[in-house]
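Enquirer: from the sequence below, what's the structure:
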Amino acid sequence: MSTVPMIQTIHDVSVLMCAAEGEPIAAERDALDLIGDAGYQGAEWVVVPAGRFAPDFFELSTRIAGDIIQKFVQYRVRLAVVGDISPYTEASSALTDFVRECNRGQQTWFLPDTDALAERLKGE
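Expert: Okay, here's the model as predicted:
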């Protein structure tokens with residue numbers, strides 16, 4: 001199976017879909033690589049399986065999530081983290097609040113699966 005991100009169109013929205021396998025996304029430089037791929041391929045969204053993020057991403061005290069998300073905001077590329085993050089949210093009310101706030105906006109979403117992503121993109 002390929003680990004190269006692939007472009008898909010979901011409800012007329014261009015999305016760069018990252019493979020579940022591949023190097024962990026653990027720092028800003030990893031985000032910049034994805035943002036560059038998205039820009040090169042004309043994607044509005046980058047979709048990353050939750051399992052691709054280093055566990056520290058889900059610990060808000062590390063600031064990794066904030067730094068990565070800020071890069072996406074700065075370059076005007078939207079980010080969807082797709083998959084089960086309940087072990088992390090169950091351990092952190094701060095993360096639960098962070099996810100809830102992100103999901104209220106239009107820049108970064110935490111979603112259980114790609115079906116939920118497709119549903120959210122219907123209105124885009």
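
Enquirer: pretty sure Asp30 is touching Glu23, no?
Expert: Yes. The criterion here is C-beta atoms under 8 Å, and Asp30 meets it with Glu23 at 7.2 Å. C-betas here are computed from N, CA, C, even on glycine.

Enquirer: who's more crowded, these two?
Expert: Asp30 (20 against 10; other C-beta atoms under 10 Å).

Enquirer: A strand includes Val81, no?
Expert: Yes. Looking at Val81 with DSSP: H, G, I helix; E, B strand; the rest coil, it is inside a strand.

Enquirer: so what pLDDT did the closest residue to it other than its chain neighbours get?
Expert: Excluding the flanking residues, the one nearest Val81 by C-beta to C-beta, 6 or more residues apart in numbering is Phe110, at 4.8 Å. For Phe110, the pLDDT comes out at 98.

Enquirer: the one 4 residues further on now?
Expert: On pLDDT, Thr114 comes in at 95.

Enquirer: how about it, nearest residue that isn't a chain neighbour?
Expert: Here the nearest residue to Thr114 in space, its sequence neighbours aside, is Val82; by C-beta to C-beta, 6+ apart that works out to 6.0 Å.

Enquirer: so that neighbour versus Ala20, what's the distance?
Expert: Separation of Val82 from Ala20 (C-beta to C-beta, to the nearest Å): 10 Å.

Enquirer: if we can go back for a sec, overlap of the contact sets of Asp30 and Glu23?
Expert: In terms of C-beta atoms under 8 Å, 6 or more residues apart in numbering, Asp30 and Glu23 are not both contacted by any residue.

Enquirer: re the thing from before, need the contact list for the residue nearest to Thr114.
Expert: Counted by C-beta under 8 Å, 6+ apart, Val82 has contacts 47-50, 111-114, 116-117.
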